[in-house]
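Chemist: Here is my input; please provide its structure:
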Amino acid sequence: MNPIARNLQSIREEIGRAARECGRAPGDVLLLAVSKTFPPETIAEAVRAGQTRFGENRVQEAEGKIPLFGPDPKLEWHLIGHLQSNKARRAAELFDVIHSVDGLKLAARLDQAAGEAGRTLSVLLQADLAGEETKFGATPEEIRALLEAAAGWPNLRVDGLMTIPPFFDDPARSRPYFERLRRLLEELESERPGCLGRRHLSMGMSHDFAEAIREGATIVRVGTAIFGSRA
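Modeler: Numbers count the residues shown, from 1 in each chain. Just a heads-up that it's a prediction; the model follows:
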């Protein structure tokens, strides 16, 4: 077994343990392999090991990778990095899910681009729960405004929320941010039943995904624990 296959097996086992510890089914948590900065050959190793969902950070980098895998219906590509409005058209063509929608202008551009591409695009709304200047995302009130406008986006399906908490050496310190995102989703769904589609919570990375699962994560974004350290 090659190192990537071995790492994937280990992470799937850890996801299963964390899910069962809090009474959840392991299948309720999707593993997103964050392949940003890694070459197509490395991604292909993960595909051979059974991984089907991959996360990229930048449209420009993804343009050189995703087309190499062809129109494979088994593979799902997610954009997890900040997206500028002027890259919305290409993002709507390349990706199946966009995790980082945080403004009305971006959402409108994505909706238009998805319509022109003849597709319905799944999007998550990125929540800023820490107020860090270096992070993107919308405040809870801005997310409410996005959901109010969502009826005007026929080509987008809002399927949940995403957040990136501050980095802590102790993963337990991330847990309050994961709890806040879960509670925000619950509040929004109580205010507008069905407004968040599949009710995804995209939260948790290599060092803290077990904590995120305990707070309800449905998508965990794992990169270095699968592929190793980035250059």
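
Chemist: pull the longest helix from the chain.
Modeler: For the chain, the helix with the greatest residue count under DSSP state H is helix 3-21.

Chemist: any idea of the angle the next helix or strand after that helix forms with helix 3-21?
Modeler: Next in sequence after helix 3-21, counting helices and strands by DSSP states H and E, comes strand 30-34. Strand 30-34 runs at 150 degrees relative to helix 3-21, counting by axes from the mean of the first three to the mean of the last three Cα atoms, to 10 degrees.

Chemist: pLDDT (mean, whole number) over strand 30-34?
Modeler: Across strand 30-34, pLDDT averages out at 98.

Chemist: Residues contacting it, please?
Modeler: With Cβ atoms under 8 Å, 6 or more residues apart in numbering as the test, strand 30-34 has contacts from 8, 11-12, 15, 43, 46, 51, 53-57, 78, 80, 202, 205, 218-223, 226-227. Using the backbone N, CA and C atoms, a C-beta is placed for each residue, glycine as well.

Chemist: Which stretches in this structure count as strands?
Modeler: Per DSSP state E, the chain carries strands over the ranges 30-34, 53-56, 76-79, 97-101, 121-126, 156-162, 200-202, 219-222.

Chemist: Counting by contacts, list what the fourth one packs against.
Modeler: So that's strand 97-101. Strand 97-101 is packed against strand 76-79, helix 104-116, strand 121-126, strand 156-162, with contacts defined by 3 or more Cβ pairs under 8 Å, 6 or more residues apart in numbering; DSSP states H and E.

Chemist: Tell me which of the ones you listed sits nearest to residue 177.
Modeler: Between residue 177 and the helices and strands packed on strand 97-101, the tightest spacing by Cβ to Cβ is seen for strand 156-162, at 11.7 Å.

Chemist: so what does the closest one touch, helix or strand wise?
Modeler: On a contact count with 3+ Cβ pairs under 8 Å, 6+ apart, strand 156-162 meets strand 97-101, helix 104-116, strand 121-126, helix 140-149, helix 175-191, strand 200-202.

Chemist: Please tabulate the ones you listed in a markdown table, including the columns mean neighbour count, distance to residue 73 and mean pLDDT.
Modeler: Shown next, in a markdown table, are the helices and strands packed on strand 156-162 (neighbours: other Cβ atoms under 10 Å; distance: least, Cβ to Cβ, whole Å; pLDDT from 0 to 100):
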| stretch | mean neighbour count | distance to residue 73 | mean pLDDT |
| --- | --- | --- | --- |
| strand 97-101 | 25 | 15 | 98 |
| helix 104-116 | 19 | 18 | 97 |
| strand 121-126 | 26 | 15 | 98 |
| helix 140-149 | 16 | 29 | 97 |
| helix 175-191 | 17 | 29 | 97 |
| strand 200-202 | 25 | 20 | 98 |
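
Chemist: so which of the ones you listed gets nearest residue 27?
Modeler: strand 200-202 (14.2 Å).

Chemist: Point out where the protein drops to low pLDDT.
Modeler: 134, 231 (pLDDT under 70).

Chemist: Angles on the backbone of the closest residue to residue 127 other than its chain neighbours, please.
Modeler: Closest residue to residue 127 apart from its sequence neighbours, by Cβ to Cβ, 6 or more residues apart in numbering: residue 163 at 4.8 Å. With angles defined as degrees, to the nearest 10, residue 163 sits at phi -150, psi 160.
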